[in-house]
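1. 3D model of this:
(chains A and B)
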2 protein chains.
Amino acid sequence: MGKYCTTLTITLLFSTCAIFAQPKNYIKWVNPFIGTERMGHTFPGATVPFGAVQLSPDTDTIPYSSNGKYNPDVYKYCAGYQYGDSTIVGFSHTHFSGTGHSDLGDILVMPTVGKLYLNPGTASNTNTGYRSKFSHSNEFAEPNYYRVKLLDYNILAELTTTTRVGLHRYTFPETDSAHIIIDLVHGIYNYPEKNVWTFIRVENDTLITGYRQTSGWARTRTVYFAITFSKPFKTYGIINGDKLIYKGFWRKFNQNTNFPENAGREIRCHFDFSTANHEQILLKVALSPVSTSGAVENLNAEAPGWDFDAIKNKGQEQWNDELGKIEVETLTDSDKVNFYTSMYHAFLSPTIYMDTDRKYRGLDQNIYTATNFDNYTTFSLWDTYRALHPLFNIIQPKRNVDMVKSMLAHYSQSVHGMLPIWSHYANENWCMIGYHAVSVIADAAVKGNDGFDLPYALMACVQSAKNNWYDGLGYYRELGYVPEDISGSSVSKTLEYAYDDWCIAQLAKKLNREDIYNEFISRSNNFQNVFDKSIGFMRPRLSNGSFKTSFNVLSTHGQGFIEGNSWNYSLYVPHNPDALVSMLGGKKQLRTYLDTLFTMHLPDEYFSETEDITRDGLIGNYVHGNEPSHHVPYLYNWTDNPWKTQYWVRTICNLMYQPKPDGLSGNDDCGQMSAWYIFSALGFYPVAPASPNYAIGSPLVTKATIKLENGKTLIISTQNQAKNNVYVQKVLLNGKPYSSYFLNHNDIASGGEITFIMGDKPKKLK
Amino acid sequence: MGKYCTTLTITLLFSTCAIFAQPKNYIKWVNPFIGTERMGHTFPGATVPFGAVQLSPDTDTIPYSSNGKYNPDVYKYCAGYQYGDSTIVGFSHTHFSGTGHSDLGDILVMPTVGKLYLNPGTASNTNTGYRSKFSHSNEFAEPNYYRVKLLDYNILAELTTTTRVGLHRYTFPETDSAHIIIDLVHGIYNYPEKNVWTFIRVENDTLITGYRQTSGWARTRTVYFAITFSKPFKTYGIINGDKLIYKGFWRKFNQNTNFPENAGREIRCHFDFSTANHEQILLKVALSPVSTSGAVENLNAEAPGWDFDAIKNKGQEQWNDELGKIEVETLTDSDKVNFYTSMYHAFLSPTIYMDTDRKYRGLDQNIYTATNFDNYTTFSLWDTYRALHPLFNIIQPKRNVDMVKSMLAHYSQSVHGMLPIWSHYANENWCMIGYHAVSVIADAAVKGNDGFDLPYALMACVQSAKNNWYDGLGYYRELGYVPEDISGSSVSKTLEYAYDDWCIAQLAKKLNREDIYNEFISRSNNFQNVFDKSIGFMRPRLSNGSFKTSFNVLSTHGQGFIEGNSWNYSLYVPHNPDALVSMLGGKKQLRTYLDTLFTMHLPDEYFSETEDITRDGLIGNYVHGNEPSHHVPYLYNWTDNPWKTQYWVRTICNLMYQPKPDGLSGNDDCGQMSAWYIFSALGFYPVAPASPNYAIGSPLVTKATIKLENGKTLIISTQNQAKNNVYVQKVLLNGKPYSSYFLNHNDIASGGEITFIMGDKPKKLK
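-> Predicted coordinates for the structure are as follows:
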C-alpha cells in the first residue's frame, strides 16, 4: 500500500512537471486542408474552437448565373474553398464546415495593389478583378492560423481569430496604390437577390461598421460588423451597384468617394494606402448577431490591441486545451493526423452566437440575453445527433448542456412550437428530416449530463413530435407511417420519427412520466409499419395502406428515401436492433444482409443518386459519405459474427479518412463524419444515442487518455495493436475481463481503464 | 388694493369652477378634412398629439407603374388621402402631414366581406380587389376619431389611437366570410423594390407580429408591429408574392394557409371570421421602432383592454388639453375652425419615436435609450424652423427642448457630423437645403428655453456648418457664396446658410464664445455676395466670381433658387432686414418692391415652376404656398408703410386658410403653414427665429388666452376688432401704450396682456 502510493505520487509529479515544462503540442497534428478537396466541404482558414468568426479564403463561390439559373458547381463551394483551385477571391468571415448545402461567406476582405477593381474577376483571368492567383507552395494552415502569398500582388496574407474577431495581417510591397477591398455582395451560394440589404458607415479613418442582410438557406439573416485598420486609410470609396433602388435625396452627394455612409443591395468598397516595402497593415473584423455597437463591443473586448501573434497564440492554446482532452498514441503519424484533424473538425461547430455582453438575436428576430448559458447556432442536427453530440457528452459536457439550452431557447422563440431542425443564425432552415433535437436532449439527460430544465425539455420534445403540419407528421401520427403519396422520403421519415419517439420515451422514463413514456414507446415501434416482410426491406406505403408497387431497393430518388436507398435505410432501427434481427429472420439473416451490403456492387445508375459523396465513399453498397448508415457497421454486434464490426470499422477508418485534401469521402457535415472517426478510433460507438450503451468496435489507437471534465481520466489502452490486428480478442474493464459487446456510459464517465487485447483473427468475447 | 385682490380671487374661482364644471371642448372646432383636397397633403385619420401612430384611410397611393416609370399623380397622395376620391384602399398606421414628398403608409388593414382578394384592386372597379367605395355622407372625422362606412361590404369602420397603438373597430354584417386583410406591401410612394423585407409571425389566434423594412425617402427604415384581434380568427393565410427570392427548404410546407410565419418582399395576409349581424371585431395595432417585442410591450402598456370609447376619449382629452393652450374668441366660427385646425395640424409632428420603455433606433441603426428626454422624429426643418418651432417655444417649450435633444442625439449618431436636415425614422433623408436645426436650437436658447447641453449644442451647430462636402458648403466657406455652376439652387443655399450662420452667432453670444460669434456673424453677411446691385436682385454667381448671365427674376428652375424665384428669395435676409433696406436703396424702395410683389401678375410659364401650390396660393407673385416667403408680408414693418403688413397678413389669413377640404393653398408642411396662421392670427410673427423679437401684424382673433407652461397667462385682446378693421391703431402692453412694431419674447413669456386697438384706416404707431 505504501509503495503503491509512492509510485502514484511520483507519476503525478512527473506528469505535472511535464505539462509545465513543455505543453503538449496537439495542433501540429491537425491538417486543416483535409477535406478541402472534392466532397469534404471543409475550409482551411483560421478559427478558435466553436468560433463565431471562421475566417477563411474563398477560392470561388460560382454564384448562380445572372439569369438565375442554378450552377451545379456551386455545390463544391459550400465552404468557399476548393483545394484544386489556383485563385483566391478573398477572405470571408463565416463558413460552414462540411455542409451539403450552404450560405455565409460574409464580409469578404481582399488586399490588392495597383489598378483598383471592385469586381472579383474570373479564375481564368485574375487581371479582370481583385482576385489573385496563389500556390499551395506558398500556403500554410494550422488551427487558428492561415497564411498565403497573393501572387498577383506580392502580398503576404495572414489570418487568425478570437471567438468573434477575425484578424488579418497583410504584408505589402512598396506602393502608393495599396487597396483593401471589402465586398459586402460576396457570399456563398449567392444567387441573384440573395442580398436583401447592406449598410456601411465609415466612422473615422480607421473604423467602419455596417451589416449584411441576406435571404438564403437562412431566410432572414443579418450579420453586423465592425472593422478597424491598424493604419488610417488615405482615401476610400463605397460603390453601390444596386440598379433597382430609389436613391432619394442622397443623389445630391457624390457618395462614391470619401463619403461615409451608404446602403443598398450591392455595396463594395475600397480603402487606399501608400505602403513601404514589407509594410504590414492589420485589420480586425468583429461580427455580431445583434448590432454594429455589439460588434464594436466584441472588438474591444476580445482584441483590444494589434498583437497578431499574441492573438494567434492564445487561440492555439485554446486548441491545444480542447484537442488535448483526448491524448492518443497511434501506430502511425497518419493516424494521429486523422485523429486530431477529426477532433479539430468536430470542434468547429456548433458556433457561438452571442455578443460578449451575452446578447443574441432570437428566432423571432428579437434580442435576448443568454443569462445562464452560452448561446450556440449551426445545429446540423440530422447529422450531428448521431455521434457528435454523444461525443460532446463525453468530452464537452458543459458545452453540450449549453447547446441543449440553446435549442430550448430556440424552441421557446419558435412560433412553430418546434425544437430546431437545423438552427442557423436566428433562423430555422428546415433542412433534412426528423426532429432529432430530441435525441440530443434525451442523450444528454440519460447520460446524466442534465443541467437543464428537464420538464421543460420534455414538453418541448413532446410538442415537437405532435406538430401535424410538419413534414408528414400528422399522417405519421394517424397512420403509424408517413404515406409516400402525400409526403416524399416517407420511409426515411417514418424510421427516423420512430427512433426520435423512442428518445422521447427515454426522457419521459427518466422523469417518471409513464403516460408520455407509453405513448412514445408505442410510437417508436412504427418502423414495423414500413417493413415489407414479403421482400425483407423497408418499403414506402401509400395512404391507402398498400405498399408502393414500383420500387427498387437500390434506388433512392422517389423511392421513399433520402441520402440512402432501402438497402441501407432498412437497417435504420438503431433503438431496437433486436427487433430488426427478428424482422429479418434472425442473427444470421442480419449478418448475411450486412455481408451483402458491404460486398455487392452498386451500379452507377444508383450511385449517381447518392448525394454528397465520391465513388470511394462507398464500400459495396454501404455509403459512409452519408449519415443514415453510420451505425450500420456496428450492427454486426447483434449478429452471430460480431467481430465483423471490428473488421469493417477498421476498414472504413483506413479507407474513408486519409490525411490529404481529398481524404474525406463525403461531407464532414459539421463534424459528424469526424465524430464517427473519433469514436471508432477509440473502439466504441453510440448506435442509439439516448441509450447509455455503446457498441464495441476495433480501436485504431494504441492508447487514448481522455480527460473528463469531472476531473476523472479514462484510459483506452490496447495490447498487440497492429495494422492487421483488427480483431478484439479480449476486453478488460479496469483490469477485469469484460465479456459484453457493449460498454455502458458509466464505464466511460467514471474514468478508469478499458483495455483491448487485439489479434489478427476473429475471436468471440467471453 | 383690497378691492383688486377680491376681484382677482373671484375671477380665479369662477374660471376654476367653469373648468371643473364643464371642460372646454376645443376639438369640435377642428376639421381634420381641411387640407385633404389638392395641395394641403393632410390626412383625416386618427392620432393623439405628436403620435407615433397616425392611423388614416388611404384612398390611393398610385404606386409607380410596374415598369418603374414615375407617375406624377403620386404627389397628390403624400398623406395617402384625397378628398376627391370615392374609394378607400384601407387604413394604414403612419402618415406625414402636409409634406411635399412622401413615404410611410405602413401596415395597411382592410376589413372585407365575401370573396377574398389580396390585391387592392382599382378605384374604377372596386370589385377587382379588397378596396371599397365610400361616401363623404357616411364619413366623419374629429381629433383621434375617424369613421366611415365601407359601402362595398356594409362594414362600419372606426379608428382611434394612443401614442403608439392604432385601434380599429369594425362592425360587420352577418356573414361566414368576413376577412381582415393586412397588406405589408402597401405603402405611400411605393415604387418597385421599395419593400426591402417584410416578416410576419402568427403568434396565436389573436396575436400577430412582424416588421416592414423599406428603402424610400428614408433609405433604411423598419417599422415593427404587433397586432391583436378581439376575436380569434377561424383561419388565416399569408401570401408571399415575391417572385425573386430563393424559398429554400420552406418549400416543403404549404405556407399559404394557417402557417404561422413567412418573410419576403411582398407579404399580404388575411384573417377570416364568421360574424353575426352588427358584430364588432376590434384590432389593436402597436408600432415600434425597435423590435416586435417592443411593439408587444407598447400594446400592453398603452392599450391593455378593448374599450374603444375610453381610448378615444382619453386621446380627445389630450387634444383638448393641447388645443386649450390657446383659447380664442373670434369674429366668426370659420375663424375658430381655421385656428383650431391649425393648432391641430401644428401638433401632428414631429412625432414620438421611442417605445414605452424609452428605447429607440438611432441614426446608426443601433438601439438607444432616451433617458432624459422624449425622442422625436419627423423633423421637416427647412419648413418648421420658421414658425412651428418658435411657436413651440411659446406653447410647447418642454416638447421643444425634447425636440432639440432629439436633434442632438441625431447629431451624436451621425457619421456625417451633421445635425438633422430632415430627420425621418432613424434616417436622414437630406431633403431641401440649409442646416436649419441650428435655427431651432439657437431660437430655443435665446428665448431661455435652454434646458439642454448648450456647449454641446454649439459644437454640433459649428460642426454642421463646417462640413465642406455638404451641398456646396465648402465653396460657400471659401468664396462666401455657393457658385451656381458647381451646386444648383446656389442663391437659396447662400441666403439660408447666411441666416443659419447668424443663428449660430446668437448661440455663441449667449455662451460668451466671442471667437465663434465673430466667425459666424461674419459669415452671416454672405447674403451680400449674391446681391447684384445692378439689377437690385439676388442673383446666382459662378465660381469665377461673375454673376450668371442668363437670368430671369421670375423663374425658379436652373436660376439658382428652389421653391421661390428671385423676386421672392431676394427678400430672404430675415436676420438683417435693415441691410436689405440699404441694399434696395431705402425704406421706400423696399416698400415699393413689396407692393409690386403682391400686385404684379406672375405669368403661367413661371407659375408652373412654383411647386406644391395651387394658383390661389399666389397673391401677385407672392407665393404663400411655399415657405421662403413666409416672413415677407412682415417686412413692411421695416418700411415707411409698416401698416401694409397688417393689410396683407389679414388678407393672407382670409384667402389662404379656409375651413374646407381644399382650404389650404399649399402643403401644410408638417405644421409650418399652420404655425404661420396661428402667429398671424395672434398678431405677431418671428421674422428671424433666434432673435427675441416678433414683428407685429394684424390679429385675427378677438381675444386669445395663452396658457404658458410656466403657469403664467398671456392675453391678447383687441378693441374694435372687425372684418375690415385690419389696421392696428394702438398697442397696449399690460395697459400701457407700446409704440414699437416689435414685441420681445419676454413680453410673451412673462404673461400679461397685449391689447390691439383696431381700425379700418392705417395708422402709424407712436
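2. run a quick check on residue A:27 versus residue A:322, I expect a contact.
-> No. With contact defined as CB atoms under 8 Å, residue A:27 and residue A:322 do not form a contacting pair (9.9 Å). All C-beta spots, glycine's among them, are computed from the backbone N, C-alpha and C.
3. so what sits against both of those two?
-> Between them, residue A:27 and residue A:322 have no joint contacts when contacts are counted by CB atoms under 8 Å, 6 or more residues apart in numbering or on different chains.
4. hey, where'd the strands end up in the stretch 151-300 of chain A?
-> A:155-161, A:165-171, A:175-183, A:195-204, A:207-214, A:221-229, A:235-240, A:261-264, A:267-275, A:280-288 (DSSP state E, counting those that start in this stretch).
5. how about the residues of the stretch 451-600 of chain A near chain B?
-> Counting by CB under 8 Å from any CB of the partner chain, the stretch 451-600 of chain A comes close to chain B at A:469, A:471.
6. what's stretch A:149-158 in contact with?
-> With CB under 8 Å, 6+ apart, stretch A:149-158 has contacts from A:88, A:91, A:111-114, A:126-127, A:131-135, A:138-139, A:145-148, A:168-173, A:308.
7. what are the phi and psi angles of residue A:135?
-> Here the main-chain torsion angles of residue A:135 (degrees, to the nearest 10) amount to phi -130, psi 140.
8. pull the number of nearby residues for it.
-> By the criterion of other CB atoms under 10 Å in any protein chain shown, residue A:135 has 10 neighbours.
9. can you give me the pLDDT of it?
-> Reading off the per-residue confidence, residue A:135 sits at a pLDDT of 98.
10. how close does it get to chain B?
-> 35 Å (CB to the nearest CB, to the nearest Å).
11. name the residue of the stretch 351-500 of chain A that lies nearest to chain B.
-> Here the residue of the stretch 351-500 of chain A nearest chain B is residue A:430; by CB to the nearest CB that distance is 3.9 Å.
12. residues contacting residue A:737?
-> The contact partners of residue A:737, taken as CB under 8 Å, 6+ apart, are A:730-731.
13. now it, which residues is it bridged with?
-> Residues found in beta-bridge contact with residue A:737 (criterion: DSSP bridges) are residue A:732.
14. quick one: it from chain B, how far?
-> Distance, residue A:737 to chain B, by CB to the nearest CB: 50 Å.
15. before we move on, what about residue A:754?
-> As for residue A:754, its distance to chain B is 41 Å (criterion: CB to the nearest CB).
16. that's a helix at that residue, yeah?
-> No. For residue A:754, which was evaluated using DSSP: H, G, I helix; E, B strand; the rest coil, the result is strand, with no helix membership.
17. check contacts around it.
-> A:683, A:714-717, A:731-734, A:738, A:743, A:747.
18. just the buried residues from the residues you listed, in PyMOL please.
-> The following PyMOL command selects only the buried members of those, with burial defined by 16 or more other CB atoms under 10 Å in any protein chain shown:
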select buried, chain A and resi 683+714+716+717+731+733+738+743+747
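19. which one of the contacts of residue A:754 sits closest to residue A:469?
-> Of all these, residue A:743 has the smallest distance to residue A:469: 40.3 Å, by CB to CB.
20. so what strands line up beside the helix or strand where that closest one lies?
-> In this assignment (DSSP states H and E), residue A:743 forms part of strand A:742-744. Strand A:742-744 has the following sheet partners, assigned by DSSP bridges: strand A:693-696 (antiparallel).
21. how far off centre is the helix or strand just after the partner strand?
-> Taking DSSP H and E as the definition, the helix or strand that follows strand A:693-696 towards the C-terminus is strand A:703-707. If you compare the mean C-alpha spot of strand A:703-707 with that of the full chain, they lie 23 Å apart, counting by CA atoms, centre = their mean, to the nearest Å.
22. beyond strand A:703-707, next helix or strand please.
-> Along the chain past strand A:703-707, the next helix or strand (assigned with DSSP H and E) turns out to be strand A:713-719.
23. residue A:763: neighbouring residues, count only.
-> Residues near residue A:763, counting by other CB under 10 Å, number 14.
24. which stretches of chain A have low pLDDT?
-> A:1-23, A:63-68, A:611-614 (pLDDT under 70).
25. can you give the domain ranges for it?
-> Structural domains assigned to chain A are A:33-315, A:373-759, following automatic domain parsing.
26. okay, now the longest one: how far is its last residue from its first?
-> The first and final residues of domain A:373-759 sit 46 Å from each other (CA to CA, to the nearest Å).
27. how far does it sit from its chain's centre?
-> That offset, for domain A:373-759, works out to 16 Å (CA atoms, centre = their mean).
28. the first one too?
-> Between the centre of domain A:33-315 and the centre of its host chain there is 22 Å, according to CA atoms, centre = their mean.
29. what's the first-to-last distance across that domain?
-> From its first residue to its last, domain A:33-315 covers 18 Å (CA to CA).
30. ok, now stretch A:216-224?
-> Between the opening and closing residues of stretch A:216-224 there is a gap of 17 Å (CA to CA).
31. touching chain B at all, that stretch?
-> Yes. Contact of stretch A:216-224 with chain B is found when judged by CB under 8 Å from any CB, involving A:216-217, A:219-220.
32. between the residues you listed, which is closest to residue A:650?
-> Looking at the residues of stretch A:216-224 next to chain B and their distance to residue A:650, the nearest is residue A:217, at 36.3 Å (CB to CB).
33. is it true that that closest one touches residue A:96?
-> No. Applying CB under 8 Å, one finds residue A:217 not in contact with residue A:96, separated by 9.0 Å.
34. list the buried residues in stretch A:699-715.
-> If you call a residue buried by 16+ other CB under 10 Å, then stretch A:699-715 has these buried ones: A:699-708, A:714.
35. closest to residue A:638 out of those residues?
-> Nearest to residue A:638 out of those is residue A:699 (CB to CB; 20.1 Å).
36. quick check: chain neighbours aside, which residue is closest to the closest one?
-> Sequence neighbours aside, residue A:683 is the residue nearest to residue A:699 in space, at 3.3 Å (criterion: CB to CB, 6 or more residues apart in numbering or on different chains).
37. contacts only, for the one you found.
-> Contacts for residue A:683 were tallied using CB under 8 Å, 6+ apart; they are A:696-701, A:716, A:728, A:754, A:756.
38. re earlier: which residues are common contacts for residue A:217 and residue A:96?
-> When contacts are counted by CB under 8 Å, 6+ apart, residue A:217 and residue A:96 have A:102-103 as shared neighbours.
39. between the two, who's got more neighbours?
-> Taking neighbours as other CB under 10 Å, residue A:217 and residue A:96 compare with residue A:96 leading, 30 against 25.
40. and the more buried one, how far from chain B?
-> 15 Å.
41. what's whichever strand or helix holds residue A:519 packed up against?
-> Residue A:519 is part of helix A:514-523 when elements are defined by DSSP H and E. Helix A:514-523 sits against helix A:454-464, helix A:490-510, with contacts defined as 3 or more CB pairs under 8 Å, 6 or more residues apart in numbering or on different chains; DSSP states H and E.
42. who does the next helix or strand after it pair up with?
-> Per DSSP H and E, the first helix or strand lying C-terminal to helix A:514-523 is strand A:531-532. Each strand that strand A:531-532 pairs with, and the sense of that pairing, follows from DSSP bridges: strand A:537-538 (antiparallel).
43. helix/strand/coil for the spatially most central residue of chain A?
-> Residue closest to the mean C-alpha point of chain A, counted by CA atoms, centre = their mean, is residue A:670 at 1.0 Å. On the three-state scheme (three-state DSSP), residue A:670 is labelled coil.
44. residues in contact with it?
-> Under the criterion of CB under 8 Å, 6+ apart, the contact list for residue A:670 reads A:96-99, A:348-350, A:378, A:380, A:383-384, A:388.
45. out of the domains of chain A, which is closest to residue B:360?
-> The closest approach between residue B:360 and any of the domains of chain A, judged by CB to CB, belongs to domain A:33-315 at 13.3 Å.
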